[in-house]
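Novice: Model the following, please.
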Amino acid sequence: MDDIVARLTEINKRFGYIPRAQVEQLAKELRLPPARVFGAATFYSLFSDKPRGAHVVRFCEDAPCHVAGGRAVFDAIRAALGLEPGQTSADGRWTFEMTSCIGVCGVGPVMMVDDDVYGNVTAERVAEILNADR
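Specialist: You can find the predicted model right below:
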């Protein structure tokens, strides 16, 4: 399974998502049923089987982030991007996604932009985070 995940990570980085043709090709290379590779590709939330924007914003929807003021941060992200969760901007710059625990509950609310994790996020910091070197 580790080899599947490592290869899917490479594909996801190269294309920004995991195209169906790449799943089938990887299955052939690894001599596995395509359903097994597709199952791994759709199980992990950091992978996508649909094209995403150049920057992916993920917001933790779990209880610790919610209790720490997550609703205000969620609303600020939606307003700043003009997107609902699961949407990509028309210009292809942003995709907004909800995710389960990112693993840093002690610093909630937490959001990710691409591979960068931000903790103790407030609604006031959202625009600054989104505009940082992007």
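Novice: where are the low-confidence patches of the protein?
Specialist: For the chain, the stretches flagged by pLDDT under 70 are 1, 133-134.
Novice: mind redoing it with 50?
Specialist: Regions of the chain meeting the criterion pLDDT under 50 are absent.
Novice: Give me the distance between R31 and V37.
Specialist: In this view, R31 and V37 are 11 Å apart by C-beta to C-beta, to the nearest Å. No exception for glycine: its C-beta is placed from N, CA and C like everyone else's.
Novice: The two: which is more packed in?
Specialist: With neighbours defined as other C-beta atoms under 10 Å, R31 and V37 compare such that V37 has more, 23 against 6.
Novice: now the more buried one: how far from V56?
Specialist: For V37, the distance to V56 - C-beta to C-beta - is 22 Å.
Novice: And G86, by the same measure?
Specialist: Taken as C-beta to C-beta, the span from G86 to V56 is 12 Å.
Novice: quick one: common contacting residues for these two?
Specialist: Residues touching both G86 and V56 (C-beta atoms under 8 Å, 6 or more residues apart in numbering): E97.
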